[in-house]
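Asker: One predicted model, sequence on top.
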Amino acid sequence: MNHDSEMIDKSKDDSVKQDNIALYQETKTRDIRILGIETSCDETAAAVVVDGARVLSNVVASQIDLHRVYGGVVPEIASREHVKAILPVIDRALHQAEMTLADLDGIAVTFGPGLIGALLVGVAAAKGFTAVTGLPLIPIHHIEGHVASAYLANPALRPPFLALIVSGGHASIIEVRDWAMPFREIARTRDDAPGEAFDKIARVLGLSYPGGPAIEKAAQGGRDDALHFPEASFEDSFDFSFSGVKTAAINAYRRIERQAEREGRAWPRDLTLQDFAASFQKAIVNTLVSHTERALDATGYKTLVIGGGVSANRCLRDNIEEMAKERVIALTIPPLTYCTDNAAMIASAGYFAWRAGRRAGSDLDATAMANLEDINDFLTNINL
Ligand code: KG4
Ligand code: ZN
């Protein structure tokens, strides 16, 4: 090893540390403004948030209409749309916040997990802006962002708490012990995510993408006990599994189709699309609520937050609320705009990460399969 380069690196660390401590002392008396950038899937988003909770702008350019015809997100199309939208979206977020880059304290960006080509667009933009401005580059894990959406809804919220994050890619129960890290994922899905199951079954039923809202709508007025779908759980673990319920629902629908055909109708005499959607939705919601309930009991947390696209589901929100009320658990459920992908949640998480001294260098890479623990790689300098 070259000793010169080792010495240079260490002295660089020390000066970064001094800079950050000075910066923190100065900024305790003023607002901290973070620009958040999110491009992990099919939403190009940018937002400016003050002190992790006050949203000055929250711009989301959704590509849903483009992907709908394919029944799901097409990665190549997503990347191309991000390239087109990213600068106008950032421009609009700054404009709505009545700011220029010079007014910011840092730029936070989702580095993973997600579609690699999509993530790269946001990461490259954030790197470009931080390179020309000298602003800190703050790498954010997408799930951390979904957790932070709770601070936007409830600025009085304080760790420690438990978070249920459910989306198109995740079903996780996370112990949030501090503002930025350490987080501990105490449950994850062993196969599909609940949003993925909603999207797949919606496709089978001939409903539109995204499937979650389509199934929720179809479920209105349906009997949720018309069909019985399996609810998977594991001994000694809070982990989820949704592939079983997904397969059971596909098989049930094929049987129903055959019966309907025999009866010469679209649906059999004693069953409706509404019944099917309500029963399927109920199975997913029951699983999410019962696992969260078990995790609360085992860990003793008295505060719960939920987030992620699937937490926009009314049935889930109502059932979680009821469970929390029974157990005297303080519950935060973000409004719908902060449940689905957005950049305000990334800017909020960015603020807490900024305060904890998390910084990335100009070599920051996008990581499709990022774990929450990967954040530790960026904790280079300080403990404020
Ligand atoms: O968090 P999100 O916007 O993106 C990911 O990180 O995946 O979540 C998108 C997922 C999709 O699978 C969509 O069907 C689901 O969230 N979703 C819903 C609802 N709104 C969105 N699922 C159930 N009910 C909803 N109302
Ligand atoms: Zn998400």
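Answerer: Done, it's in. Numbering: from 1, shown residues only. Ligands and ions are numbered 1, 2, ... in the order given.

Asker: how far away is the residue nearest to residue 112 when sequence neighbours are not counted from ligand 2?
Answerer: Once flanking residues are discounted, residue 112 sits nearest to residue 370: 2.9 Å by Cβ to Cβ, 6 or more residues apart in numbering. In short, each C-beta sits where N, CA and C put it, glycine included. Residue 370 is 13 Å from ligand 2, where distance means Cβ to the ion, to the nearest Å.

Asker: And for residue 358?
Answerer: Counting by Cβ to the ion - residue 358 and ligand 2 are separated by 20 Å.

Asker: pLDDT at residue 308, what is it?
Answerer: We have a pLDDT of 97 for residue 308.

Asker: hang on, isn't it packed against residue 165?
Answerer: Yes. Applying Cβ atoms under 8 Å as the test, residue 308 and residue 165 come out as touching, 4.5 Å apart.

Asker: Please identify the buried residues of the helix or strand hosting residue 324?
Answerer: Using DSSP states H and E, the element containing residue 324 is helix 314-327. Across helix 314-327, burial judged by 16 or more other Cβ atoms under 10 Å covers 315, 316, 317, 319, 320, 323, 324.

Asker: would you turn those residues into a markdown table with pLDDT and distance to residue 215?
Answerer: Converted to a markdown table, these look like this (pLDDT from 0 to 100; distance: Cβ to Cβ, whole Å):
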| residue | pLDDT | distance to residue 215 |
| --- | --- | --- |
| 315 | 98 | 10 |
| 316 | 98 | 12 |
| 317 | 98 | 15 |
| 319 | 98 | 15 |
| 320 | 98 | 18 |
| 323 | 98 | 21 |
| 324 | 98 | 24 |
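
Asker: Going by distance to residue 294, which of those wins?
Answerer: Nearest to residue 294 among the buried residues of helix 314-327 is residue 323, at 11.0 Å by Cβ to Cβ.

Asker: ranges for the helices of this structure?
Answerer: Assigned by DSSP state H, the chain shows helices spanning 3-27, 64-68, 75-96, 116-133, 142-153, 194-204, 211-219, 243-263, 273-299, 314-327, 336-339, 344-355.

Asker: tell me, what's touching residue 308 and residue 165 both at once?
Answerer: Here residue 308 and residue 165 share the contacting residues residue 146, scored by Cβ atoms under 8 Å, 6 or more residues apart in numbering.

Asker: Now do the contacts for the residue nearest to residue 112.
Answerer: Listed by Cβ under 8 Å, 6+ apart, the contact set of residue 370 reads 111, 112, 113, 141, 142.

Asker: how near is the fourth one to ligand 2?
Answerer: Distance, residue 141 to ligand 2, using Cβ to the ion: 11 Å.

Asker: Show me what that residue is bridged to.
Answerer: On the basis of DSSP bridges, residue 141 is bridged to residue 112.

Asker: Around it, count how many other residues there are.
Answerer: 26 (other Cβ atoms under 10 Å).

Asker: let's have the chain start at 36 instead
Answerer: New numbering, starting at 36: the last item is residue 176.

Asker: separation between it and ligand 1?
Answerer: For residue 176, the distance to ligand 1 equals 12 Å [Cβ to the nearest ligand atom, to the nearest Å].

Asker: so that residue sits right up against residue 146, yeah?
Answerer: Yes. At 7.3 Å, residue 176 counts as touching residue 146 under the criterion of Cβ under 8 Å.

Asker: Return the residues of the stretch 236-385 of the chain in contact with ligand 1.
Answerer: By the rule Cβ under 6 Å from any ligand atom, the part of the stretch 236-385 of the chain lying against ligand 1 is 245, 246, 247, 248, 251, 343, 344, 345, 347, 348, 375, 376.

Asker: Relative to residue 335, which of these is nearest.
Answerer: Among these, residue 343 lies closest to residue 335 (Cβ to Cβ), at 23.7 Å.

Asker: which residues touch the closest residue to that closest one other than its chain neighbours?
Answerer: Using Cβ to Cβ, 6+ apart and skipping the chain neighbours, the partner closest in space to residue 343 is residue 202 (3.6 Å). Residue 202 is in contact with 181, 228, 229, 230, 343, 344, 345, counting by Cβ under 8 Å, 6+ apart.

Asker: Now the last one. Nearest residue, chain neighbours left out?
Answerer: Right, residue 345. With sequence-adjacent residues excluded and distances taken as Cβ to Cβ, 6+ apart, residue 345 is closest to residue 201, at 3.9 Å.

Asker: picking up where we left off before, name the nearest of the residues of the stretch 236-385 of the chain next to ligand 1 relative to ligand 2.
Answerer: Taking Cβ to the ion as the measure, ligand 2 sits nearest to residue 376 out of these, at 4.5 Å.

Asker: Skipping its backbone neighbours, what lies nearest the closest one in space?
Answerer: residue 78 (4.4 Å).
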